[in-house]
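Engineer: Here is my input, please return the structure:
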Amino acid sequence: MTDAINLLSDRYRGLETGELLEELIHAEFPRRVALVSSFGADAAILLHMISTIAPATPVLFLDTKKLFGETLTYRDQLVKQLGLTDVRSISPLPENEAGLDPNGVLWASEPNRCCYFRKVLPLQRALEGFDAWITGRKHYQNEDRANLPIFEMADGRVKINPLLGWRPDQVAAYYKAHSLPPHPLVARGYPSIGCIPCTSPVTADEDPRAGRWRGQAKTECGIHLSADGQITRSVTVQAPRTMGCG
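Structural biologist: Prediction:
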């Protein structure tokens with residue numbers, strides 16, 4: 001597994017983000033790679049890039065049934081504006097929801113278990129048949145993500161983090177250059193947006209994900225954790241050059 005990750009790292013070292021995505025979608029993993037998107041604060045960047053490279057690339061959206069209405073509206077807006085043709089809304093199985101969280105308040109007592117059946121299990125099902133998936137994680141978002149690699153191996157699949165080296169000013173510049181609408185909650189102090197009960201606004205001196213599971217040791221929902229609960233760090237490689245905003 002490590003050899004495969006090292007090979008990918010060497011093969012695509014130094015490419016701009018858009019160039020990297022084009023190679024991965026068309027050459028490395030044709031019809032076998034998906035973008036997992038929250039349609040959150042920074043999601044429009046990868047969605048826009050995908051739309052210009054291959055708009056039929058599968059986009060997996062985890063609808064936990066606890067999301068802000070603004071997120072669902074934003075999803076529909078971006079899908080229409082960008083012309084994405086294969087966006088799949090993935091939800092927990094009704095029987096799991098009825099059996100594990102009949103009152104809808106599991107998040108308050110067992111947030112890890114809530115995330116597991118609302119996000120981890122649905123994503124595992126949705127990724128069947130894919131060899132790789134793309135995430136929007138960035139180094140600046142919090143300490144846990146500060147040293148992530150571009151390529152990881154997780155559950156037998158390659159996980160790709162093409163935006164790791166992007167800075168907040170580059171994110172803002174890309175949105176402006178391509179006339180991408182912001183998530184409506186960003187202006188209300190939400191730089192990272194998940195489920196309603198587990199997301200709060202942040203202050204200027206906090207990291208972007210400080211409002212997720214505030215007051216708890218929890219910093220990730222689980223889809224980016226290994227079986228032992230650790231952030232996966234398969235190999236450290238140089239981040240790709242950011243795609244020009246022009």
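
Engineer: Where do the helices of this structure begin and end?
Structural biologist: Assigned by DSSP state H, the chain shows helices spanning 2-11, 17-23, 44-53, 69-82, 94-100, 106-109, 111-115, 121-126, 168-177.

Engineer: Which of the residues in the fourth one are classified as buried?
Structural biologist: Same thing as helix 69-82. Residues of helix 69-82 classed as buried: 70-71, 74-75, 78-79, 82 (neighbour count, 16 or more other CB atoms under 10 Å). Using the backbone N, CA and C atoms, a C-beta is placed for each residue, glycine as well.

Engineer: what does the third one give?
Structural biologist: Across helix 44-53, burial judged by 16+ other CB under 10 Å covers 44-51, 53.

Engineer: relative to helix 168-177, how tilted is that helix?
Structural biologist: Per axes from the mean of the first three to the mean of the last three CA atoms, to 10 degrees, the angle that helix 44-53 makes with helix 168-177 is 50 degrees.

Engineer: list the helices and strands helix 44-53 packs on?
Structural biologist: On a contact count with 3 or more CB pairs under 8 Å, 6 or more residues apart in numbering; DSSP states H and E, helix 44-53 meets helix 17-23, strand 33-36, helix 69-82, helix 168-177.

Engineer: Identify all contacting residues around that helix.
Structural biologist: Here helix 44-53 makes contact (CB atoms under 8 Å, 6 or more residues apart in numbering) with 17-18, 21-22, 25-26, 35, 37, 39, 57, 59, 78, 82-84, 134, 136, 162-163, 166, 171, 174-175, 178, 180-182, 243.

Engineer: any chance of the helices of the chain in JSON lines, plus mean pLDDT and distance to residue 157?
Structural biologist: Listed next are the helices of the chain as JSON lines, based on pLDDT from 0 to 100; distance: least, CB to CB, whole Å:
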{"stretch": "helix 2-11", "mean pLDDT": "88", "distance to residue 157": "11"}
{"stretch": "helix 17-23", "mean pLDDT": "96", "distance to residue 157": "17"}
{"stretch": "helix 44-53", "mean pLDDT": "98", "distance to residue 157": "17"}
{"stretch": "helix 69-82", "mean pLDDT": "98", "distance to residue 157": "24"}
{"stretch": "helix 94-100", "mean pLDDT": "93", "distance to residue 157": "22"}
{"stretch": "helix 106-109", "mean pLDDT": "94", "distance to residue 157": "27"}
{"stretch": "helix 111-115", "mean pLDDT": "90", "distance to residue 157": "19"}
{"stretch": "helix 121-126", "mean pLDDT": "95", "distance to residue 157": "10"}
{"stretch": "helix 168-177", "mean pLDDT": "95", "distance to residue 157": "26"}
